[in-house]
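**Q** Next come a sequence and a model predicted from it.
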Amino acid sequence: MELVSTRDIERLNATARLHVKRLSRLTLAFSEKFENFQAAVALLFAYYNFCAPSQFVALHSSNGGRSSAGFLERRESLGGSIMTEENKKPSDFDWVTARQQCSLQEVFESLRLRIREDVETRNSNLSDDPDSDRPTLKVIENGPTIRVYWHDIYSEYRHFFVEFTLTPQNIAVRDHEKTLFEATIGLNDDGDCKVNISGKQYDLWQMRRKALEHVMFNAL
């Protein structure tokens with residue numbers, strides 16, 4: 001129970017709602033049978049934990065298998081890679097294949113998904129008053145570019161944004177004033193895929209926090 005927190009629950013809820021539209025508010029994608037609903041949720045958990053590429057964390061259970069699918073976001077909520085005797089790479093670790101999978105394109109697609117979840121979580125923590133004129137965060141995507149910005153009916157805050165752009169060399173991140181940083185991708189000495197920014201290694205959630213924290217919490 002020491003690991004349980006509101007952050008974990010909100011992260012789980014946001015991820016589930018994003019991928020299973022049966023859980024979204026005011027949705028038309030409902031299940032006529034409870035068995036269909038169970039199957040949809042089970043498919044999400046199975047795909048996310050065992051099929052979707054995870055470049056950053058690979059938790060393993062004591063018997064050598066994957067961690068329980070019941071903790072959908074445990075991999076990131078624990079704050080990045082956890083080195084134990086169980087998940088150290090073997091002597092015949094295939095670093096060539098690992099490096100090939102640790103590509104800018106793969107990481108950018110993971111980044112795209114996580115940014116949507118971050119925005120949905122932030123908006124869910126704002127006022128639920130439907131008559132409120134408060135701004136909300138929006139995400140727009142145009143090919144290799146993702147922009148996160150504040151939207152309101154008066155367009156007063158639209159110039160507060162952060163933009164992620166995939167280039168052949170890196171992922172460039174800028175705000176409405178300047179370039180924030182440029183990120184490259186590579187394996188560290190433990191064989192884990194990491195984001196490299198100005199000579200330092202980061203997990204994906206740390207990169208998102210570095211880019212989005214100011215616009216999400218301090219721009220208004």
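**A** Great, that's in hand.

**Q** is the residue lying closest to residue 198 once chain neighbours are set aside in a bridge, and if so with what?
**A** Leaving aside its chain neighbours, residue 198 sits nearest to residue 181 (6.5 Å; criterion: Cβ to Cβ, 6 or more residues apart in numbering). No exception for glycine: its C-beta is placed from N, CA and C like everyone else's. On the basis of DSSP bridges, residue 181 takes part in beta bridges with residue 173.

**Q** for residue 181, what are its contacts?
**A** 173, 197, 198, 210, 211 (Cβ atoms under 8 Å, 6 or more residues apart in numbering).

**Q** can I get the residues you listed in a markdown table with pLDDT?
**A** Supplementary listing: the contacts of residue 181 in a markdown table, determined by pLDDT from 0 to 100:
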| residue | pLDDT |
| --- | --- |
| 173 | 96 |
| 197 | 95 |
| 198 | 93 |
| 210 | 94 |
| 211 | 94 |
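
**Q** Could I have the buried ones of those as PyMOL selection syntax?
**A** In PyMOL syntax, the buried subset of these is picked out as below (16 or more other Cβ atoms under 10 Å):
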select buried, resi 173+197+210+211
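
**Q** Among the contacts of residue 181, which lie within helices?
**A** 210, 211 (DSSP state H).

**Q** Quick check: the farthest pair among the contacts of residue 181?
**A** 198 and 211 (13.3 Å; Cβ to Cβ).

**Q** before we move on, which element is the nearest residue to residue 212 once chain neighbours are set aside in?
**A** Nearest residue to residue 212, sequence neighbours excluded (Cβ to Cβ, 6+ apart): residue 162, at 5.7 Å. Using DSSP states H and E, residue 162 falls within strand 161-166.
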